[in-house]
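Undergrad: Build the 3D model from these lines:
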Amino acid sequence: MKSVLIFCLMLLSPLMAAAQDLRVVTVERPPFSMANGDDHTGFSMELWKAIAEDRGWTYQIDRLDSFGGMLGEIENATADVAIANISITADREQVMDFTHTIFESGLHIMVPFSKDRNSALETVISREVLEVIAIAFLLLLGGGMLMWTFERKSQPYFDRPAREAIFPSFWWALNLVVNGGFEERQPRTFLGRIFGVLLVISSLFIVSVFVAHITASMTVDAIKSNVSDIRDLYGKNVGTTQGSTSARYLERREIEYQPYENLDALLQAFEDKQLNAVVFDAPILSHYVNTRGAGIGQLVGGTFLRESYGAAMPTGSPLSEEFNRSLLRLREDGTYAQIYQKYFRNLN
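TA: Okay, the predicted model is just below:
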């Protein structure tokens, strides 16, 4: 008799689950799951609402602070469904069940926004380079006027009033540094010759420092911006969220990265220019660069590590099969396509 009662309860369990409020957990992941006041919007949330309506399920939604915490609720069976941008992986499948795929995704790389055609010009006219040019100008002007002081009574080129001698003296010093000076205008006084020799020797150092500074500035700029695929991430400041599929991918490739607790912290660090690149889910980064991150970030390369999103449920949940049936129905009647187009029509 007892075994018959247990068997009947097992048969009725899907109906019992459907009759009570389901606890659905999610996290903030635009454009899949977003809080809009007391409402929950986004691709995954609207898809869930359509499936729940098709199944006649009642539910409550709890928005959690961390992705790991959301999955922990499912693993511990303290929630009935988790839905956002949850990648279906073999490791997760061992501790929870997944529905059929609700979205095909992958990873992408985001770097700071830049206009390639202007990057070299912006480097040359940077504040640091302009400061070096100003210092070199003052040194040449001061050196030329000092030579005028020594030579103005000894050769016709410098024999002119101070106001008229400013440019000729500067021109003389510039030619001395760049070309080695004028053969016919070599210093004639003792102090002029001593100063001229010192100026030639020091000019070698000045020119070397100037060229090295510009080269270093352009090299640093190139290092920061020259990221086109995953192979360029070695040695860069890379960020992603901890425990994510992107984090595990970077670990397999032995690429060092900064782990962030959630997406908001990751994007804030990127906006604060603490990162050279972000590796994360392609549709989320695409949504970011088209909305909040417009003019801040840009995607480079193509999508890699193709992965599938699904809704997660505790192991053995009777809801999974019901979810899948409604998902297939929504694909067939066009509801899925309408929700998809609403959120991904204009994304890269």
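Undergrad: Which positions within stretch 93-108 qualify as buried?
TA: Along stretch 93-108, these residues count as buried under the neighbour rule (16 or more other Cβ atoms under 10 Å): 96-100, 102-103, 105-108. For the C-beta atoms, the positions are set from N, CA and C on the backbone; glycine is no exception.
Undergrad: Ends of it, what's the gap?
TA: Length of stretch 93-108, first residue to last, Cα to Cα, to the nearest Å: 24 Å.
Undergrad: quick one: that stretch to chain centroid distance?
TA: Centroid separation for stretch 93-108 versus its chain: 24 Å, with Cα atoms, centre = their mean, to the nearest Å.
Undergrad: Ok, stretch 50-60 next?
TA: Distance, centroid of stretch 50-60 to centroid of chain: 37 Å (Cα atoms, centre = their mean).
Undergrad: So which of the buried residues of stretch 93-108 sit within strands?
TA: 97-98, 103, 105-108 (DSSP state E).
Undergrad: R253: which of those residues is nearest?
TA: For those, the residue nearest R253 by Cβ to Cβ is L107; the value is 11.2 Å.
Undergrad: about what we covered before: right, and the pair among the buried residues of stretch 93-108 with maximum separation?
TA: D97 and H108 (27.8 Å).
Undergrad: Turn the buried residues of stretch 93-108 into TSV, including distance to I83 and pLDDT.
TA: Formatted as TSV, the buried residues of stretch 93-108 follow (distance: Cβ to Cβ, whole Å; pLDDT from 0 to 100):
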residue	distance to I83	pLDDT
M96	12	97
D97	13	97
F98	11	98
T99	9	97
H100	13	97
I102	8	97
F103	11	97
S105	14	93
G106	19	95
L107	20	96
H108	22	96
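Undergrad: Show me which of those is closest to R329.
TA: Nearest member of the buried residues of stretch 93-108 to R329, counting by Cβ to Cβ, is H100, at 11.8 Å.
Undergrad: Mind checking what helix or strand follows the helix or strand in which T149 is found in sequence?
TA: Here T149 sits within helix 127-151, counting by DSSP states H and E. Heading C-terminal from helix 127-151, the first helix or strand you meet, by DSSP H and E, is helix 162-179.
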